[in-house]
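> Predicted model follows, preceded by the sequence.
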Amino acid sequence: MPHLSTPVRRLLPAIALSVSLGASAVAGVSAQDDTGSSAELTPLTVGLGYIPSVQFAQFYLADEAGYYAEAGLDVTFQNQIDPELITLLGRGAVDIGLADGTSLIPAVSQGIPVRYGATIYGRDPNIVFSLSETGIESAADLAGASIGIPGRYGSSWVALQALLAAEGLSSDDVEIITYPDFGQAVAVASGQVDAATGFVNNEPVQLKLQGLDLNVLRVADVAPLPGPGLVSGVATIESKGAALQAFTAATIRAMEEISADPQAGLDAAFTRVPELAADPETQLAILEATIDSWTSDRTAGQGLGTVDLAAWQSGLEIMRSLPDSNVSDELTVDDLVTDALGY
């Protein structure tokens, strides 16, 4: 039975890990300004989903290169699985984090006070992938197929339903097989399932490096959903608005630099997460796929970070139309997105 290398198993999204990286966010931390006098840094706790990864290279570079400190910030990174992160952001336990519309829309609908303020992924990275030999070349080809998925929750579940609905299908038209430990890529490689959900910069990148031929269906091509971006709690935006704007600008600066020179991002990731350097080929391939997902037609015209309100309107309508939707009919894009972060 084909099986994947250790790097593949390690990098597939994992169950919530609470891994703190970077400098401690201690109130009253000081730094020297340009005149040599002491300047107080504003502590910010930043939530990044899943496990430390090269996919977060822009945050690592901004920290390692001193862009956050230059902006007057003392940043602590935390890794939290996305549903937990939204709750922490709403409570103000985490100041700003990376999350997408499939988590934010139902959260706001249920009264959790969070807002999306800057785009990191210009195109949503959710996909359904399969071995080429299965012949699954469109969403219509999924009818009757077995599909591996971590569970009936989260962005993968929403994206799969949206992809199926675009062809008039539902989850009743496929066989859903859950892999709670995120082992669906191994299941595809070994022929246990016909297809699986994943992210364009994760599973297919690594499986192709294993020499496997894949078909990849990008959900955003038929069912536009807003990609992951920077989210903060309403109270935090009110109390730390200037610091959040500075953090966002420093992060976008790092994204621009990595887009021009991926090696800069790779080096920062290896410094922050040294074990990633054991497989530089895989890490570079993942980073290049990640950089590609930062861009869209909109970001090409208006720059990285810009928020696509049309994608948010589409995402809201898609999520409201799904079976068992709990999204309020009164919810609007204005309830979800803020311009307080400068984008």
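Noted; the coordinates are in hand.
> quick one, what contacts the nearest residue to residue 64 once chain neighbours are set aside?
Nearest non-adjacent residue to residue 64, counting by C-beta to C-beta, 6 or more residues apart in numbering: residue 268, 4.7 Å away. (C-beta placed from N, C-alpha, C; glycine too.) Neighbour list for residue 268: 57, 60, 61, 63, 64, 65 [criterion: C-beta atoms under 8 Å, 6 or more residues apart in numbering].
> Wait, a helix at residue 268?
Yes: checked against DSSP: H, G, I helix; E, B strand; the rest coil, residue 268 lies within a helix.
> Just give me the residue right at the centre of this structure.
Centroid-nearest residue in the chain, with C-alpha atoms, centre = their mean: residue 228, separated by 4.5 Å.
> if we can go back for a sec, and the contacts of residue 268 as CSV, adding distance to residue 126, neighbour count and pLDDT?
Putting those into CSV (distance: C-beta to C-beta, whole Å; neighbours: other C-beta atoms under 10 Å; pLDDT from 0 to 100) gives the following:
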residue, distance to residue 126, neighbour count, pLDDT
57, 20, 29, 98
60, 24, 27, 98
61, 25, 26, 98
63, 27, 26, 98
64, 29, 18, 97
65, 30, 16, 98
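> what's the closest non-adjacent residue to residue 137?
residue 215 (5.6 Å).
> what about that neighbour, neighbour count?
Neighbours of residue 215 under the rule other C-beta atoms under 10 Å: 19.
> Same question for residue 39.
For residue 39, the count of nearby residues is 13 (other C-beta under 10 Å).
> Dig out what it forms beta bridges with.
Going by DSSP bridges, residue 39 is paired in beta bridges with residue 31.
> Just say helix, strand or coil for the closest residue to residue 96 other than its chain neighbours.
Spatial nearest neighbour of residue 96, chain neighbours left out: residue 232 (4.6 Å); criterion: C-beta to C-beta, 6+ apart. Classification of residue 232 by three-state DSSP places it in strand.
> Just say helix, strand or coil for the residue lying closest to residue 308 once chain neighbours are set aside.
Nearest non-adjacent residue to residue 308, counting by C-beta to C-beta, 6+ apart: residue 298, 4.9 Å away. Here residue 298 is helix, with the state taken from three-state DSSP.
> buried ones in stretch 238-250?
Within stretch 238-250, the residues scored as buried using 16 or more other C-beta atoms under 10 Å are 240, 241, 243, 244, 245, 246, 247, 248, 249, 250.
> can you give me the helices for the chain?
6-11, 57-64, 67-70, 82-91, 101-109, 154-165, 184-189, 203-209, 234-260, 262-272, 280-294, 297-302, 309-321 (DSSP state H).
> So which bits of the last one are buried?
Applying a neighbour-count criterion of 16+ other C-beta under 10 Å, one finds 311, 312, 313, 314, 315, 316, 318, 319 buried in helix 309-321.
> Distance from that helix to the middle of the chain?
18 Å (C-alpha atoms, centre = their mean, to the nearest Å).
> Touching it from outside, list them.
For helix 309-321, using C-beta under 8 Å, 6+ apart, the contacting residues are 101-102, 105-106, 116, 124, 158, 162, 165, 223-227, 325, 327, 329, 331-333, 336-337.
> residues in contact with the residue nearest to residue 137?
Applying C-beta under 8 Å, 6+ apart, the residues near residue 215 are 129, 130, 131, 132, 134, 136, 137.
> Show me which of those residues is closest to residue 145.
Within those, the smallest distance to residue 145 is 6.4 Å, found for residue 136 (C-beta to C-beta).
> gap between the closest one and residue 69?
To residue 69, residue 136 is 48 Å away according to C-beta to C-beta, to the nearest Å.
> Same drill for the two, tell me which one is more crowded.
Set side by side, residue 136 and residue 69 show more neighbours around residue 136, with 23 against 19, by other C-beta under 10 Å.
> Give me the local confidence score for that one.
As predicted, residue 136 sits at a pLDDT of 98.
> Over to residue 77?
Listed pLDDT for residue 77 reads 97.
> Could you do residue 7 as well?
Per-residue confidence (pLDDT) for residue 7: 35.
> which of the helices of the chain sits most buried?
helix 57-64 (a mean of 26; mean count of other C-beta atoms under 10 Å).
> name the helices or strands packed onto that one?
strand 73-80, helix 234-260, helix 262-272 (3 or more C-beta pairs under 8 Å, 6 or more residues apart in numbering; DSSP states H and E).
> Relative to residue 89, which of these is closest?
helix 234-260 (7.5 Å).
> Direction-wise, compare the closest one with helix 57-64 and give the angle.
Counting by axes from the mean of the first three to the mean of the last three C-alpha atoms, to 10 degrees, helix 234-260 lies at 100 degrees to helix 57-64.
> starting at the chain centroid, how far to helix 234-260?
The answer for helix 234-260 is 16 Å, by C-alpha atoms, centre = their mean.
> try stretch 67-87
On C-alpha atoms, centre = their mean, the centre of stretch 67-87 falls 14 Å from the chain's centre.
> For that stretch, list the C-alpha coordinates in PDB.
Extracted in PDB, the C-alpha atoms of stretch 67-87 (Å, rounded to 0.1, in the frame of the first residue of the first chain):
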ATOM      1  CA  TYR A  67       8.900  44.700  11.300                       C
ATOM      2  CA  TYR A  68       6.600  44.200  14.200                       C
ATOM      3  CA  ALA A  69       9.000  45.700  16.700                       C
ATOM      4  CA  GLU A  70       9.600  48.700  14.400                       C
ATOM      5  CA  ALA A  71       5.800  49.100  14.500                       C
ATOM      6  CA  GLY A  72       5.900  49.200  18.300                       C
ATOM      7  CA  LEU A  73       4.600  45.700  18.800                       C
ATOM      8  CA  ASP A  74       5.600  42.700  20.900                       C
ATOM      9  CA  VAL A  75       4.000  39.700  19.200                       C
ATOM     10  CA  THR A  76       3.300  36.200  20.600                       C
ATOM     11  CA  PHE A  77       2.100  33.500  18.100                       C
ATOM     12  CA  GLN A  78      -0.300  30.800  19.200                       C
ATOM     13  CA  ASN A  79      -1.600  27.900  17.200                       C
ATOM     14  CA  GLN A  80      -5.200  27.100  17.700                       C
ATOM     15  CA  ILE A  81      -7.700  25.100  15.600                       C
ATOM     16  CA  ASP A  82     -10.000  27.500  13.800                       C
ATOM     17  CA  PRO A  83     -13.300  27.100  15.700                       C
ATOM     18  CA  GLU A  84     -11.500  27.600  19.000                       C
ATOM     19  CA  LEU A  85      -9.700  30.600  17.700                       C
ATOM     20  CA  ILE A  86     -12.900  32.500  16.700                       C
ATOM     21  CA  THR A  87     -14.200  32.100  20.200                       C
END
